[in-house]
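S.K.: show me how the following folds:
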Amino acid sequence: MKCAIVTGGSRGIGSAVCIKLASAKKYHILINYTSNEAAANDTLQKVREAGATGEILKFDVSNYEETQSVLNAWQDKNPDAVVEVIINNAGITRDGLFMWMQPEDWSSVINTSLNGFFNVTNFFIQKMLRNKYGRIINMVSVSGLKGTAGQTNYSAAKGAVIGATKALAQEVAKRKITVNAVAPGFIKTDMTQEFDENELKQIIPVNRFGEAEEVADLVAFLASDKAGYITGEVININGGIYS
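M.R.: All right, here's what the predicted structure looks like:
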């Protein structure tokens, strides 16, 4: 059984990626979520409607022990399953000016994006290397490239994942494993619903927010066989806001 895992797969971009990967009918989709079981089940239903199989896995990617425990249990139950695609999408924001930032707001954002990348990818990487094939795609952000005021923690977390993407890509390329990052700008999701689109779109050259499905299309391409010569890249999808 060939599988793709999507962390933070219950809502927003993660959910759109699960459904898009399902439409290729190549993978059993593992939908990771932390708290919103109803949204995870809704995504699973849409995965099945798209013609693929799937299941939901509840664990907090920032918690090493919990991640190991759940993934080990899943692997023991599915000894023949091979995870070929890892989408590290889980991320949280705790926005605020750095001068007032609390330690918890700093560490929780770093732990989810950066340690989450480590905890999930590190679990699967040895099997992937033995299998001599893999696609690792890390969801980063325009904030990780240009920095965003009020998001020093989020910018630091995503910037770190960009560095990790470029380094890991060089380590595993000979085994036909690619590692890339996708950096969305303003995308219509729960994470941006508080934003004033009418005001912000004035700074976006294409004059609108992006759709989660547009990001999912890019992720699905990078996860496909066609993208075998693209690795160590950070691909912006932001309507020209940072080009």
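
S.K.: got phi/psi on Arg135?
M.R.: The phi/psi pair for Arg135 (degrees, to the nearest 10) reads phi -130, psi 120.

S.K.: wait, it touches Phe221, no?
M.R.: No: contact between Arg135 and Phe221 fails when scored by C-beta atoms under 8 Å: they sit 10.3 Å apart. The way it works is simple: take the backbone N, C-alpha and C, and place the C-beta from them, glycine included.

S.K.: ok, Ala220 - contacts?
M.R.: Applying C-beta atoms under 8 Å, 6 or more residues apart in numbering, one finds that Ala220 lies in contact with Val17, Lys20, Leu21, Ala24.

S.K.: do that again at 10 Å, thanks
M.R.: Neighbouring residues of Ala220 by C-beta atoms under 10 Å, 6 or more residues apart in numbering: 4, 16-17, 19-24, 85, 87, 137, 227.

S.K.: circling back to that earlier point, of Arg135 and Phe221, who's got more company?
M.R.: When neighbours are counted by other C-beta atoms under 10 Å, Arg135 and Phe221 differ, and Arg135 comes out ahead with 23 against 14.

S.K.: against Ile19, how distant is the residue nearest the centre of the chain?
M.R.: Nearest to the mean C-alpha position of the chain, by C-alpha atoms, centre = their mean, lies Asn89 at 1.8 Å. With distances taken as C-beta to C-beta, to the nearest Å, Asn89 is found 13 Å from Ile19.

S.K.: which residues are common contacts for these two?
M.R.: Listed as contacting both Asn89 and Ile19 by C-beta under 10 Å, 6+ apart are Val6, Gly9.

S.K.: identify the contacts common to Arg135 and Phe221.
M.R.: Joint contacts of Arg135 and Phe221 (C-beta under 10 Å, 6+ apart) are Ala227.

S.K.: follow-up on the earlier one: just the buried members of the contacts of Ala220?
M.R.: Buried by 16 or more other C-beta atoms under 10 Å: Ala4, Ala16, Val17, Ile19, Lys20, Leu21, Ala22, Val85, Ile87, Ile137, Ala227, out of the contacts of Ala220.

S.K.: show me which pair in those residues is furthest apart.
M.R.: Ile19 and Ala227 (19.2 Å; C-beta to C-beta).

S.K.: and Ile29, that's in a strand?
M.R.: Yes: per DSSP: H, G, I helix; E, B strand; the rest coil, Ile29 lies within a strand segment.

S.K.: could you check how far the spatially closest residue to it that is not a sequence neighbour is from Asn119?
M.R.: Excluding its sequence neighbours, the residue lying closest to Ile29 (C-beta to C-beta, 6 or more residues apart in numbering) is Gly54, at 3.7 Å. Gly54 sits 21 Å away from Asn119, going by C-beta to C-beta.
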